[in-house]
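J.: With the sequence up front, the predicted model follows.
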Protein chains: 4
Amino acid sequence: MGKLKVGVVGATGTSGAVAARIVLGHPDLTLAFATSDRAAGAGVATTLGVTPDPGLRFSAHDAVAGLVAGCDAVLLATSADVSAKLAPVFAGAGKQVVDLSGAFRLDAAATLKWYGIAHASAALLDGAHYGLPELFGAPPAGALVTNPGCYPTAALLALAPLVREGLVEPRGIVVDAKSGVTGAGRQSGDAYSFLEVDGDVRAYKVLAHQHTPEIARALGRLAAGGGAGAGSAVGVTFTAHLLPIARGLLATCYARPRPGATAARVAQCLADAYAGGPFVRAASVEDVMVKRVVGTNLALVGATADDDVVVATGAIDNLLKGAAGQAVQNLNLMNGWDQARGLTSLQRTAA
Amino acid sequence: MGKLKVGVVGATGTSGAVAARIVLGHPDLTLAFATSDRAAGAGVATTLGVTPDPGLRFSAHDAVAGLVAGCDAVLLATSADVSAKLAPVFAGAGKQVVDLSGAFRLDAAATLKWYGIAHASAALLDGAHYGLPELFGAPPAGALVTNPGCYPTAALLALAPLVREGLVEPRGIVVDAKSGVTGAGRQSGDAYSFLEVDGDVRAYKVLAHQHTPEIARALGRLAAGGGAGAGSAVGVTFTAHLLPIARGLLATCYARPRPGATAARVAQCLADAYAGGPFVRAASVEDVMVKRVVGTNLALVGATADDDVVVATGAIDNLLKGAAGQAVQNLNLMNGWDQARGLTSLQRTAA
Amino acid sequence: MGKLKVGVVGATGTSGAVAARIVLGHPDLTLAFATSDRAAGAGVATTLGVTPDPGLRFSAHDAVAGLVAGCDAVLLATSADVSAKLAPVFAGAGKQVVDLSGAFRLDAAATLKWYGIAHASAALLDGAHYGLPELFGAPPAGALVTNPGCYPTAALLALAPLVREGLVEPRGIVVDAKSGVTGAGRQSGDAYSFLEVDGDVRAYKVLAHQHTPEIARALGRLAAGGGAGAGSAVGVTFTAHLLPIARGLLATCYARPRPGATAARVAQCLADAYAGGPFVRAASVEDVMVKRVVGTNLALVGATADDDVVVATGAIDNLLKGAAGQAVQNLNLMNGWDQARGLTSLQRTAA
Amino acid sequence: MGKLKVGVVGATGTSGAVAARIVLGHPDLTLAFATSDRAAGAGVATTLGVTPDPGLRFSAHDAVAGLVAGCDAVLLATSADVSAKLAPVFAGAGKQVVDLSGAFRLDAAATLKWYGIAHASAALLDGAHYGLPELFGAPPAGALVTNPGCYPTAALLALAPLVREGLVEPRGIVVDAKSGVTGAGRQSGDAYSFLEVDGDVRAYKVLAHQHTPEIARALGRLAAGGGAGAGSAVGVTFTAHLLPIARGLLATCYARPRPGATAARVAQCLADAYAGGPFVRAASVEDVMVKRVVGTNLALVGATADDDVVVATGAIDNLLKGAAGQAVQNLNLMNGWDQARGLTSLQRTAA
């Protein structure tokens, strides 16, 4: 049996380039095509810095219709409006689809409000699986997988077990997140120049970030799931900050404790939730450092508490566990493979 | 009349070096002495990179007793335990004292708890003036000035007007702060090596930072002050994060709104509070960037709100408005001068 | 007698913004006008982060003709082609002119070759004074001052005394320079994004940088000046590198030793050359660090040697001694003032 | 047949940690042991951030004698004096040895002069193979492999083909190299603190770096090899600079051209030299960027020329092609495998 043929749309974007490299290094995948307008015609090996040379060149984005038939699965590393158009095409042709954009993460009304996208058909959106395997399991057969946002991945991994166990109040949660520049994709413009970003830190999209409803929706599903926290309405304030680092993000989360939420208990809750899995590791709240996960598909989470507050932290590489790594993790699960397949050779960047 | 003779204790520490440079450039001050153990005997001009050469060499810390008589005022840029010992000596000799450490910021019990310091005499501590001029005015004659901590300065400038006007609930406040490495002083050790800090972000002293009671105490005085927020008990959760920048800090503050706390109202509250003053400027919450204040004694503050939360941000250079600059601002006020004297020539570092 | 009224053209560029701040803090200068297309109409105080507010707004560049009469002197912090047009206008009106661009640094033929500029009149170019005071003295009365390039300033301060004294061969000199992003001005585009620059180092304009003939020309004048190195033809290879820092540059220079050029002798040569001056300091070759000069108008230079090579290093803040600081130093000299006037309050950025 | 059992000595140093991770991800290698004094007893998986957990703990360095028998090969990622003691032990037991230190790179006299090491037996040193495969081929059977220094690797890959072909004068070569902090290993001390390194660039060990004789020796062997450059004496000046980056180095090399060394010819010379190999790629001299190789075992090299000079640049990740990656490349060759085995899954760090 041959390898699964995977196409990557948007393969020179920050997430797409990482996705293409992972596909090239994966023992069960082969790179069927890679699209990029700015690198169309250029060799994949030189542009992405990979060896050996797969002998593939980037296709222009316009050519994508002609590429559908030649793949078994596609990773959409594009903007939400492009994904909204392409996902039905690939899904309609029976291909496995993992969408890394936000086009399929919210319900129809919220998608229109936050992304300005009106989906033509409700079925694909309604059937989409929110692909955070440690919290929502393997994708059901045939479902489009909507890969979680980078901030939601870190915040949910840190908060979800606490909400599910009823250790924190689900309302009044504050998520204060700090991310490197790739959290914003391959942005141009003065605001992302070295001159502006180096030495600076600033908040952006305050009270207006599209990841806010995504975090609230996912926590709401867990709170409603029949555990100790069942049935509670969720309220989340989320703020993103831009840091002078290239990759990685830290989410510092604050919630009001419910009875029993001692420091020891909340720490144990996280340790129990992720024991045995390959990618999420519980640590002390201060050992949850961005640098310890950058370059890998790992997440670090930690929590502590006093009488007034529970503080939980989560750190990931936004391009790996927060995007391309998690997408391949989902792809592995869709095909019945070990979820860590092709992801264990990724190496921590920190020396 | 001659210039005021100012000594700087700890003049090669991160704050002390900046303080010594400001004194040297101040039209009404002269540098009486500068102590430093690691640079004792070295020339101040070369070590601090100043011109013209003031012809002064660093004194060893042991020599400080012999230096008291030769100065009119002293800036103590030392650890809290050293300040606790030296402040009475200088104050007892009738010198003006601005202490940049935490030794005199809390009450006796809290100073013992958070700093491990038992003050020999209560009088100096009880009479200490908390030197945040924009909120607590000019120091009374003869009082020791306790210069605020860097994090409290940024958080209080952002939050205090909102608390004083009763626009936010004084309990359940979250202050999530991000600072460069000088926030921790001139630290040695692997944790502060370039290899560890570059590309990383991490929380530290979670639920255990000595600036937490300092913020709560100052807010409590303002809430008790007879304004709309009078009489309320204050509750603050504070978390500090270490960023890969040298100077500057951002405090992102979250509070529950009281009736009337619209986005426009909270923004206007800050604008009104600081209109006319030289050093605190109201801006939109996203324009409160560290880079716009580093190198200056300026603070930027901003606030916005929705139905669930008020978000207020404050940015300062931790070594200037958060330490040495504010210390000289206090010294100016103690001597009846324009509070901006000697501080307007400081230039923003960002290009 | 009132202050000298100085206009700054290009006052939100990286050098121009620094120049405007220095003018505002200078005891003998007042800011007559500041032009900027992207900030036209905005307040100077807020945009540049200065206090107190000088009550001035940026003028659009188109308005410059109407601003000539209202100033005594002008600093041109613009591109070479703009300076080539404006300098004659201000000079023709009898104003003092310091041009920070490369428009007047080379002879007519070289200016056409390297900058693509054909000057309308030869007189202004021929009479231009190369404003590196430590090597070429004070500007003669009435001369347009062409402010040296940033790389030439550092390289010449390190090399010139050695060439002048005949301690090195004037041919086969290699200058390998490393600069922060402001060495390239306020550049836009992906090449200057944080994502590209952070963590990277690269050479640019290899064998094609316009500062090469500028260094060679200035060394040639010194070699021809009647000292021990007189009459020698000069040959320089210059390479610039882009570093992930905002400000500052280091030039590492290699030359073949002439007899007598021992390590001690070359070090002493630099020490002697700059003794007594306010801004250039000799240090050991390894203490010539960028960080020790950034924020100041200081230059550090050092040299050592073995049998095969003389290595000399020079470090400056490219925006100060390499641009705006040196421009004001020249302005001071043009007006018969102490050359350090208004420049001593600049403070080292490093903590 | 089982996997080759490889031990790593010094497995939490900057190179050793990377080496251990590569061994863990290599299809034909298994990690027999990993020594580390500071992490002795800690789990390898958590400390190095790898998954799945190999179930191995770090051994104390003192235990190394007991570990010899359990391995087939060893990577010595230690200081030169430690390697000088351990290499004979492992080699004497018939194990394959790759030494990443400088203990075996020079002849006996130079090793004593530059490293202070007097080898007990000359045989091991005399038989050591200089492991730069692209220039010196596969190690002969049974030879200890001395892994090249990071700076020599980059400089030699850029210069060697030009020297070998006689396109440059072998005397008067200047190598100006710029490296991140890991070039100095896991250094402690103020000089490597974030506060000192960030925003700075400085030269170090000027005219006194132990990589100088290593570069000269290797070039001398190539110049003596019977090619066009045969028989020439080699003279190299080498300067290292410390940059505010974590990983990666760039060597900018200057040499005097011999007749025929046009820009096109020198570029073609490099392209021809490395065509077909997996790890060295020729590019334009300005495309030789550190960021394009960090995270991979790739080297980028480029060259250009004018009448006076040939400029050649080389960029590598100092921890991979400059240390651990090249060590495994040598190990592959020692065992008759494809030299890229286990190294192709390494991914470029840049987004």
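T.: On my side now, so go ahead.
J.: hmm, the longest helix seen in chain A touching chain B?
T.: As assigned by DSSP state H, the longest helix anywhere in chain A is helix A:150-164. No - judged by C-beta under 8 Å from any C-beta of the partner chain, helix A:150-164 stays clear of chain B, getting no closer than 11.7 Å. C-beta coordinates here come from the backbone N, C-alpha and C atoms, glycine included.
J.: Next one: the next helix or strand after that helix, is it in contact with chain B?
T.: Counting by DSSP states H and E, the next helix or strand C-terminal to helix A:150-164 is strand A:173-179. Yes - judged by C-beta under 8 Å from any C-beta, strand A:173-179 and chain B are in contact via A:174, A:176, A:178.
J.: Remind me what strand A:173-179 packs against, helices and strands.
T.: helix A:150-164, strand A:236-242, strand A:249-255, strand B:173-179, strand B:249-255 (3 or more C-beta pairs under 8 Å, 6 or more residues apart in numbering or on different chains; DSSP states H and E).
J.: Only C-alpha atoms, please: export the last one in PDB.
T.: What that stands for is strand B:249-255. The C-alpha coordinates for strand B:249-255 follow below in PDB (Å, rounded to 0.1, in the frame of the first residue of the first chain):
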ATOM      1  CA  LEU B 249       7.000  46.700  31.000                       C
ATOM      2  CA  LEU B 250       3.400  46.400  30.200                       C
ATOM      3  CA  ALA B 251       0.600  45.800  32.700                       C
ATOM      4  CA  THR B 252      -2.600  44.500  31.300                       C
ATOM      5  CA  CYS B 253      -5.300  44.900  34.000                       C
ATOM      6  CA  TYR B 254      -8.800  43.300  34.100                       C
ATOM      7  CA  ALA B 255     -11.600  44.500  36.400                       C
END
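J.: from the chain's centre, how far out does that strand sit?
T.: Relative to its parent chain, strand B:249-255 has a centroid offset of 16 Å by C-alpha atoms, centre = their mean, to the nearest Å.
J.: Now do it against helix B:150-164: the angle between them, please.
T.: Interaxial angle, strand B:249-255 versus helix B:150-164 (axes from the mean of the first three to the mean of the last three C-alpha atoms, to 10 degrees): 30 degrees.
J.: for the fourth one, same thing?
T.: Here strand B:173-179 points in a direction 150 degrees away from that of helix B:150-164 (the same axes, to 10 degrees).
J.: Pretty sure residue A:59 sits against residue A:37.
T.: No - the pair residue A:59 / residue A:37 is not scored as a contact, 9.6 Å apart, by C-beta atoms under 8 Å.
J.: before we move on, back to that, possible to save the helices and strands packed on strand A:173-179 as a markdown table with mean neighbour count, distance to residue B:331 and mean pLDDT?
T.: Listed next are those as a markdown table, based on neighbours: other C-beta atoms under 10 Å in any protein chain shown; distance: least, C-beta to C-beta, whole Å; pLDDT from 0 to 100:
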| stretch | mean neighbour count | distance to residue B:331 | mean pLDDT |
| --- | --- | --- | --- |
| helix A:150-164 | 29 | 44 | 98 |
| strand A:236-242 | 24 | 34 | 97 |
| strand A:249-255 | 28 | 36 | 98 |
| strand B:173-179 | 27 | 24 | 98 |
| strand B:249-255 | 28 | 22 | 98 |
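J.: could the ones you listed go into a markdown table alongside distance to residue A:325?
T.: Shown next, in a markdown table, are the helices and strands packed on strand A:173-179 (distance: least, C-beta to C-beta, whole Å):
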| stretch | distance to residue A:325 |
| --- | --- |
| helix A:150-164 | 10 |
| strand A:236-242 | 20 |
| strand A:249-255 | 13 |
| strand B:173-179 | 26 |
| strand B:249-255 | 28 |
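J.: and residue C:29, which of those is closest to it?
T.: Nearest of the helices and strands packed on strand A:173-179 to residue C:29, taken as C-beta to C-beta: strand B:249-255 at 33.1 Å.
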